[in-house]
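Chemist: need coordinates for the below:
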Amino acid sequence: MKWNRQLQMMIGELSMDVLDRLSRMVRLPPAAEEIRQGMKLRQAAVDAERTAPDPKPLARYPVKKKLYSHQVRAANMALLVFEAANPDLVLGARGGTS
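Modeler: Modelled structure (predicted):
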């Protein structure tokens, strides 16, 4: 984060790392804490998908041929990152923790 002299405030890109650091220093507002917990949940779901031995598709992918397991895994992780799939369902099906 960088100090903006015109606005007299710290400005920076929102990331899980920044929110984690801020949460260690001060209590985050409820909206910011909700965003942080959502990011943690999505990251846990992506990690569970990355290590899944036999990934199942989270959606019907518009391809004619059968996808290889690494392609299914990558497509599932993309859906999770772009919030098109529910991480709660992935973690429940994979046996992960939130």
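Chemist: would you mark the buried spots in the longest helix anywhere in the chain?
Modeler: Assignment by DSSP state H gives helix 30-50 as the longest helix of the chain. Within helix 30-50, the residues scored as buried using 16 or more other CB atoms under 10 Å are R36, M39, L41, R42, A44, A45, V46, A48, E49. C-betas here are computed from N, CA, C, even on glycine.
Chemist: so how far is D17 from the closest residue to K2 other than its chain neighbours?
Modeler: Excluding its sequence neighbours, the residue lying closest to K2 (CB to CB, 6 or more residues apart in numbering) is I11, at 6.0 Å. Distance, I11 to D17, by CB to CB, to the nearest Å: 16 Å.
Chemist: repeat that for P87.
Modeler: Relative to D17, and taking CB to CB, P87 is found at 19 Å.
Chemist: between the two, who's got more neighbours?
Modeler: A side-by-side neighbour count of P87 and D17, using other CB atoms under 10 Å, places P87 first with 22 against 10.
Chemist: residues contacting the more buried one?
Modeler: Contacts for P87 (CB atoms under 8 Å, 6 or more residues apart in numbering) come out as L41, R42, A44, A45, L80, S98.
Chemist: name the nearest residue to the fourth one, ignoring sequence neighbours.
Modeler: Think A45. Closest to A45 by CB to CB, 6+ apart is P87, at 3.5 Å.
Chemist: which parts of the protein are strands?
Modeler: Here the chain has its strands, by DSSP state E, at 2-4, 9-11.
Chemist: can you list the strands that the first one pairs with?
Modeler: Right, strand 2-4. strand 9-11 (antiparallel) (DSSP bridges).
Chemist: what comes up buried for the partner strand?
Modeler: Applying 16+ other CB under 10 Å to strand 9-11 flags no residue as buried.
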